[in-house]
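Undergrad: Next input, structure requested:
(one chain, ligands or ions: 1)
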Amino acid sequence: MLLGDSGVGKTCLLVRFKDGAFLSGSFISTVGIDFRNKVVEVDGTKVKLQIWDTAGQERFRSVTHAYYRDANALLLLYDVTNKASFDNIRAWLTEINEYAQEDVVIMLLGNKADMAGERIIKSEDGEKLAKDHGVAFMETSAKTGMNVELAFMAIARDLKMKKTRQPADPKFNVAEYVDKEKKTSGCCS
Ligand SMILES: Nc1nc2c(ncn2[C@@H]2O[C@H](COP(=O)(O)OP(=O)(O)OP(=O)(O)O)[C@@H](O)[C@H]2O)c(=O)[nH]1
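TA: Next comes the predicted model:
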(Lines give C-alpha, C1' and ligand atoms only; values in the text may rest on other atoms or scores of the structure.)
Protein backbone atom coordinates (compact mmCIF):
# COMPACT_ATOMS: atom_id res chain seq x y z
CA MET A 1 0.00 0.00 0.00
CA LEU A 2 1.30 3.45 -0.94
CA LEU A 3 0.88 6.20 1.65
CA GLY A 4 1.92 9.84 2.04
CA ASP A 5 0.69 13.39 1.52
CA SER A 6 -1.14 14.43 -1.62
CA GLY A 7 1.22 15.20 -4.50
CA VAL A 8 4.30 13.31 -3.25
CA GLY A 9 4.14 11.00 -6.26
CA LYS A 10 2.42 7.78 -5.12
CA THR A 11 0.46 7.24 -8.34
CA CYS A 12 3.49 8.13 -10.48
CA LEU A 13 5.69 5.69 -8.57
CA LEU A 14 3.18 2.90 -9.12
CA VAL A 15 2.78 3.72 -12.81
CA ARG A 16 6.57 3.82 -13.22
CA PHE A 17 6.88 0.37 -11.63
CA LYS A 18 3.88 -1.16 -13.42
CA ASP A 19 4.26 0.35 -16.90
CA GLY A 20 7.77 1.85 -16.95
CA ALA A 21 6.33 5.26 -17.79
CA PHE A 22 6.15 8.67 -16.15
CA LEU A 23 2.90 10.59 -15.84
CA SER A 24 3.93 14.17 -16.50
CA GLY A 25 1.67 17.14 -17.09
CA SER A 26 -1.36 18.00 -15.03
CA PHE A 27 -1.65 16.36 -11.65
CA ILE A 28 -4.81 14.30 -11.12
CA SER A 29 -5.28 13.53 -7.45
CA THR A 30 -6.38 10.00 -6.55
CA VAL A 31 -9.95 9.77 -5.25
CA GLY A 32 -10.23 7.28 -2.39
CA ILE A 33 -8.25 4.20 -3.32
CA ASP A 34 -7.19 2.26 -6.41
CA PHE A 35 -5.07 -0.81 -7.06
CA ARG A 36 -2.91 -2.47 -9.68
CA ASN A 37 -1.40 -5.95 -9.86
CA LYS A 38 2.05 -6.87 -11.02
CA VAL A 39 3.66 -10.29 -11.05
CA VAL A 40 7.40 -10.28 -10.41
CA GLU A 41 9.96 -13.04 -10.06
CA VAL A 42 12.08 -13.44 -6.94
CA ASP A 43 14.77 -16.16 -7.21
CA GLY A 44 12.67 -18.18 -9.62
CA THR A 45 9.40 -17.83 -7.67
CA LYS A 46 6.52 -15.77 -9.01
CA VAL A 47 5.20 -13.20 -6.55
CA LYS A 48 1.94 -11.43 -7.28
CA LEU A 49 1.93 -7.94 -5.84
CA GLN A 50 -1.40 -6.25 -5.37
CA ILE A 51 -0.48 -2.61 -4.93
CA TRP A 52 -2.98 -0.22 -3.40
CA ASP A 53 -2.63 3.45 -4.26
CA THR A 54 -4.31 5.70 -1.71
CA ALA A 55 -5.46 9.31 -1.88
CA GLY A 56 -3.17 11.55 0.14
CA GLN A 57 -5.85 14.16 0.70
CA GLU A 58 -7.08 14.42 4.28
CA ARG A 59 -10.76 14.11 3.29
CA PHE A 60 -10.22 10.49 2.16
CA ARG A 61 -8.47 9.34 5.36
CA SER A 62 -11.46 7.46 6.75
CA VAL A 63 -11.69 5.47 3.50
CA THR A 64 -8.01 4.56 3.43
CA HIS A 65 -7.77 3.66 7.14
CA ALA A 66 -10.04 0.70 6.48
CA TYR A 67 -7.39 -0.84 4.20
CA TYR A 68 -4.35 -0.59 6.51
CA ARG A 69 -5.24 -3.74 8.41
CA ASP A 70 -4.94 -5.97 5.35
CA ALA A 71 -1.67 -4.52 4.12
CA ASN A 72 1.47 -6.66 4.31
CA ALA A 73 3.76 -3.80 3.36
CA LEU A 74 3.58 -0.01 3.31
CA LEU A 75 5.58 2.34 1.11
CA LEU A 76 5.47 5.70 2.87
CA LEU A 77 6.44 8.60 0.62
CA TYR A 78 7.48 12.19 1.09
CA ASP A 79 8.62 14.66 -1.55
CA VAL A 80 12.24 15.85 -1.14
CA THR A 81 11.16 19.30 -2.41
CA ASN A 82 8.29 19.64 0.08
CA LYS A 83 9.15 20.10 3.76
CA ALA A 84 5.57 19.68 4.99
CA SER A 85 5.36 16.25 3.37
CA PHE A 86 8.53 15.25 5.27
CA ASP A 87 7.34 16.75 8.58
CA ASN A 88 4.08 14.84 8.22
CA ILE A 89 5.86 11.47 8.11
CA ARG A 90 5.73 11.21 11.91
CA ALA A 91 1.95 11.66 11.80
CA TRP A 92 1.70 9.00 9.08
CA LEU A 93 3.73 6.63 11.26
CA THR A 94 1.36 7.28 14.15
CA GLU A 95 -1.59 6.37 11.91
CA ILE A 96 0.23 3.25 10.77
CA ASN A 97 0.79 2.28 14.41
CA GLU A 98 -2.87 2.70 15.07
CA TYR A 99 -4.37 0.96 12.05
CA ALA A 100 -1.86 -1.43 10.47
CA GLN A 101 -0.75 -4.93 11.49
CA GLU A 102 2.09 -5.00 13.95
CA ASP A 103 4.44 -6.91 11.64
CA VAL A 104 3.76 -4.79 8.55
CA VAL A 105 6.88 -4.03 6.49
CA ILE A 106 7.47 -0.28 6.21
CA MET A 107 9.70 1.48 3.72
CA LEU A 108 10.24 5.23 3.75
CA LEU A 109 10.78 6.76 0.31
CA GLY A 110 12.04 10.28 -0.43
CA ASN A 111 10.57 10.77 -3.91
CA LYS A 112 11.32 13.36 -6.66
CA ALA A 113 15.07 12.94 -6.08
CA ASP A 114 15.58 14.10 -9.69
CA MET A 115 14.62 17.67 -8.71
CA ALA A 116 18.10 18.59 -7.48
CA GLY A 117 17.62 22.36 -7.73
CA GLU A 118 14.46 22.36 -5.65
CA ARG A 119 15.50 19.85 -3.05
CA ILE A 120 14.84 20.90 0.58
CA ILE A 121 15.17 17.61 2.45
CA LYS A 122 18.66 16.11 2.48
CA SER A 123 19.11 12.41 1.99
CA GLU A 124 20.74 12.17 5.46
CA ASP A 125 17.57 13.59 7.05
CA GLY A 126 15.46 10.85 5.46
CA GLU A 127 18.05 8.27 6.48
CA LYS A 128 17.97 9.48 10.09
CA LEU A 129 14.19 9.56 10.32
CA ALA A 130 14.02 6.01 8.97
CA LYS A 131 16.67 4.84 11.42
CA ASP A 132 14.84 6.48 14.36
CA HIS A 133 11.76 4.44 13.44
CA GLY A 134 13.56 1.25 12.42
CA VAL A 135 12.30 1.27 8.83
CA ALA A 136 14.03 0.87 5.47
CA PHE A 137 14.83 3.99 3.45
CA MET A 138 15.78 5.08 -0.02
CA GLU A 139 15.32 8.01 -2.32
CA THR A 140 13.39 7.45 -5.54
CA SER A 141 12.35 9.23 -8.69
CA ALA A 142 9.22 8.22 -10.54
CA LYS A 143 10.45 10.52 -13.30
CA THR A 144 13.82 8.85 -13.96
CA GLY A 145 12.94 5.46 -12.45
CA MET A 146 15.76 5.70 -9.90
CA ASN A 147 15.40 2.98 -7.22
CA VAL A 148 11.75 2.28 -8.12
CA GLU A 149 12.38 -1.33 -9.09
CA LEU A 150 14.59 -1.81 -6.02
CA ALA A 151 11.89 -0.54 -3.64
CA PHE A 152 9.13 -2.82 -4.94
CA MET A 153 11.43 -5.81 -5.45
CA ALA A 154 12.71 -5.53 -1.86
CA ILE A 155 9.11 -5.67 -0.67
CA ALA A 156 8.37 -8.64 -2.97
CA ARG A 157 11.43 -10.43 -1.58
CA ASP A 158 10.37 -9.75 2.00
CA LEU A 159 6.86 -11.08 1.37
CA LYS A 160 8.19 -14.18 -0.36
CA MET A 161 10.65 -14.84 2.49
CA LYS A 162 7.81 -14.55 5.03
CA LYS A 163 5.73 -17.11 3.12
CA THR A 164 8.50 -19.63 2.53
CA ARG A 165 10.68 -19.23 5.61
CA GLN A 166 11.45 -22.36 7.62
CA PRO A 167 11.69 -21.97 11.42
CA ALA A 168 15.48 -22.47 11.35
CA ASP A 169 16.09 -19.93 8.57
CA PRO A 170 17.43 -16.52 9.57
CA LYS A 171 14.88 -13.68 9.45
CA PHE A 172 14.94 -11.50 6.36
CA ASN A 173 15.53 -7.84 7.19
CA VAL A 174 14.31 -5.56 4.42
CA ALA A 175 16.22 -2.51 5.73
CA GLU A 176 19.53 -4.41 5.72
CA TYR A 177 18.77 -5.86 2.28
CA VAL A 178 18.05 -2.41 0.85
CA ASP A 179 21.25 -0.95 2.36
CA LYS A 180 23.29 -3.77 0.87
CA GLU A 181 21.67 -3.41 -2.56
CA LYS A 182 22.17 0.37 -2.54
CA LYS A 183 25.86 -0.14 -1.79
CA THR A 184 26.43 -2.82 -4.41
CA SER A 185 24.64 -0.87 -7.13
CA GLY A 186 26.70 2.17 -6.07
CA CYS A 187 23.66 4.21 -6.79
CA CYS A 188 21.60 6.95 -5.45
CA SER A 189 21.42 7.04 -1.66
N1 LIG B 1 10.01 15.65 -11.01
C2 LIG B 1 9.23 14.70 -10.50
N3 LIG B 1 7.89 14.88 -10.45
C4 LIG B 1 7.14 13.89 -9.92
C5 LIG B 1 7.70 12.68 -9.44
N6 LIG B 1 6.69 11.90 -8.98
C7 LIG B 1 5.56 12.59 -9.18
N8 LIG B 1 5.81 13.78 -9.75
C9 LIG B 1 4.82 14.83 -10.08
O10 LIG B 1 4.13 15.16 -8.87
C11 LIG B 1 2.75 15.36 -9.11
C12 LIG B 1 1.92 14.50 -8.19
O13 LIG B 1 2.12 13.12 -8.50
P14 LIG B 1 1.05 11.98 -8.10
O15 LIG B 1 1.71 10.67 -8.35
O16 LIG B 1 -0.25 12.21 -8.77
O17 LIG B 1 0.90 12.27 -6.53
P18 LIG B 1 0.07 11.42 -5.44
O19 LIG B 1 0.96 11.25 -4.26
O20 LIG B 1 -0.46 10.16 -6.05
O21 LIG B 1 -1.12 12.42 -5.08
P22 LIG B 1 -2.60 12.08 -4.45
O23 LIG B 1 -3.27 11.15 -5.42
O24 LIG B 1 -3.31 13.40 -4.35
O25 LIG B 1 -2.39 11.48 -3.10
C26 LIG B 1 2.51 15.12 -10.62
O27 LIG B 1 2.49 16.37 -11.28
C28 LIG B 1 3.74 14.32 -11.03
O29 LIG B 1 4.08 14.51 -12.39
C30 LIG B 1 9.13 12.52 -9.51
O31 LIG B 1 9.72 11.52 -9.10
N32 LIG B 1 9.83 13.57 -10.05
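Undergrad: C-alpha only now, for contacts and for neighbours.
TA: Noted.
Undergrad: which parts of this structure sit against the ligand?
TA: When proximity is defined by Cα under 6 Å from any ligand atom, the chain lies next to the ligand at 5-12, 23-30, 55-57, 111-112, 114-115, 141-143.
Undergrad: Now the buried members of these.
TA: With burial judged by 16 or more other Cα atoms under 10 Å, the buried subset of these is 5-12, 30, 55-56, 111-112, 114, 141-143.
Undergrad: So for the helix or strand of the chain with the lowest mean pLDDT, what gets flagged as buried?
TA: Taking mean pLDDT, DSSP states H and E as the measure, the helices and strands of the chain show their lowest mean at helix 174-185, namely a mean of 85. Within helix 174-185, the residues that count as buried by 16+ other Cα under 10 Å are 174-175, 178, 182.
Undergrad: Can you list the neighbours in contact with that helix?
TA: 105, 107, 135-138, 150-151, 154-155, 158, 188-189 (Cα atoms under 8 Å, 6 or more residues apart in numbering).
Undergrad: 10 Å instead, please
TA: 105-108, 130-131, 134-138, 147, 150-151, 153-159, 186-189 (Cα atoms under 10 Å, 6 or more residues apart in numbering).
Undergrad: residue furthest from the geometric center of the chain?
TA: Ala168 (29.2 Å; Cα atoms, centre = their mean).
Undergrad: That residue in helix, strand or coil?
TA: Ala168 carries the three-state label coil when classified by DSSP: H, G, I helix; E, B strand; the rest coil.
Undergrad: what about the helices in the chain?
TA: In chain order, the chain shows helices spanning 10-19, 61-68, 83-87, 89-99, 123-132, 148-164, 174-185, with DSSP state H as the criterion.
Undergrad: Mind giving me the packing neighbours of the fourth one?
TA: The reference is to helix 89-99. For helix 89-99, the packing partners by 3 or more Cα pairs under 10 Å, 6 or more residues apart in numbering; DSSP states H and E come out as strand 2-4, helix 61-68, strand 73-79, strand 105-111, helix 123-132.
Undergrad: mind running it again at 6 Å?
TA: The helices and strands touching helix 89-99, judged by 3 or more Cα pairs under 6 Å, 6 or more residues apart in numbering; DSSP states H and E, number zero.
Undergrad: what is the orientation angle of that helix with helix 61-68?
TA: Taking axes from the mean of the first three to the mean of the last three Cα atoms, to 10 degrees, helix 89-99 and helix 61-68 form an angle of 60 degrees between their directions.
Undergrad: what's near enough to touch Trp52?
TA: In this structure, Trp52 makes contact with 1, 34-35, judged by Cα atoms under 6 Å, 6 or more residues apart in numbering.
Undergrad: Report the contact partners of the residue most central in space within the chain.
TA: By Cα atoms, centre = their mean, the mean C-alpha position of the chain lies nearest to Leu75, the distance being 2.3 Å. Taking Cα under 6 Å, 6+ apart as the contact definition, Leu75 lies against 2, 107.
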